[in-house]
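**Student:** got a predicted structure plus its sequence, pasted below:
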Amino acid sequence: MEDTINKSDDQWKETLSRDQFIVLRQKGTEAPFTGKYYANKGKGIYLCAACGQELFASDAKFDSGTGWPSFFKPISEESVDLKPDNSHFMERTEVLCSRCGSHLGHVFDDGPAPTGQRFCINSISLDFKKED
């Protein structure tokens with residue numbers, strides 16, 4: 001695991017687009033079926049768009065029908081942090097990059113085997129490194 005990244009909002013604004021900042025740093029969300037990775041079927045690794053940490057492997061991605069990239073597990077348990085999220089009058093579990101603390105999305109217990117989990121992640125929170 002790489003060292004934790006701590007930056008001020010002004011520093012993040014220098015490296016992220018406006019829309020990335022809203023989602024990654026202010027816990028926003030993108031509209032369903034609009035993100036660049038929700039229908040991606042390429043083989044490779046999904047990285048945190050803010051810091052480049054490896055988060056999810058393409059072999060854990062599945063089509064949940066929700067309009068966001070969905071994964072049944074992270075690349076490692078250490079790559080993400082999970083935090084209770086009771087905003088918007090809902091009880092959910094937020095998924096954060098463990099390296100930089102960026103908001104990625106949420107995890108739900110309605111995914112496929114083998115984990116039964118659905119990590120519902122904003123495309124704008126991700127970069128994709130295609131397998132050679």
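**Tutor:** Yep, it's here.
**Student:** CA only for contacts and neighbour counts going forward, please
**Tutor:** OK.
**Student:** V107 and V95 touch, don't they?
**Tutor:** Yes: with contact defined as Cα atoms under 8 Å, V107 reaches V95; the gap is 6.5 Å.
**Student:** show me the common contact partners of these two, please.
**Tutor:** F119 (Cα atoms under 8 Å, 6 or more residues apart in numbering).
**Student:** which residues touch the most centrally placed residue in the chain?
**Tutor:** Geometric centre of the chain, nearest residue: L104, 3.2 Å, by Cα atoms, centre = their mean. Residues near L104 by Cα under 8 Å, 6+ apart: V23, L24, K27, E94, V95, L96, C97, I121, N122, S125, L126.
**Student:** inside strands: which ones of the residues you listed?
**Tutor:** Residues from the contacts of L104 lying in strands, with DSSP state E as the criterion: E94, V95, L96, C97, I121, L126.
**Student:** switch the residues you listed over to a markdown table; also include pLDDT.
**Tutor:** Converted to a markdown table, the ones in strands among the contacts of L104 look like this (pLDDT from 0 to 100):
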| residue | pLDDT |
| --- | --- |
| E94 | 96 |
| V95 | 97 |
| L96 | 97 |
| C97 | 98 |
| I121 | 98 |
| L126 | 98 |
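**Student:** helix, strand or coil: sort out K36 for me.
**Tutor:** Following DSSP: H, G, I helix; E, B strand; the rest coil, the label given to K36 is coil.
**Student:** which other residues reach stretch 22-29?
**Tutor:** With Cα under 8 Å, 6+ apart as the test, stretch 22-29 has contacts from D9, E30, A50, S102, H103, L104, G105, N122, I124, S125.
**Student:** go with 10 Å
**Tutor:** 9, 12-13, 16, 19-21, 30, 48-50, 68, 94, 96-97, 100-105, 121-126 (Cα atoms under 10 Å, 6 or more residues apart in numbering).
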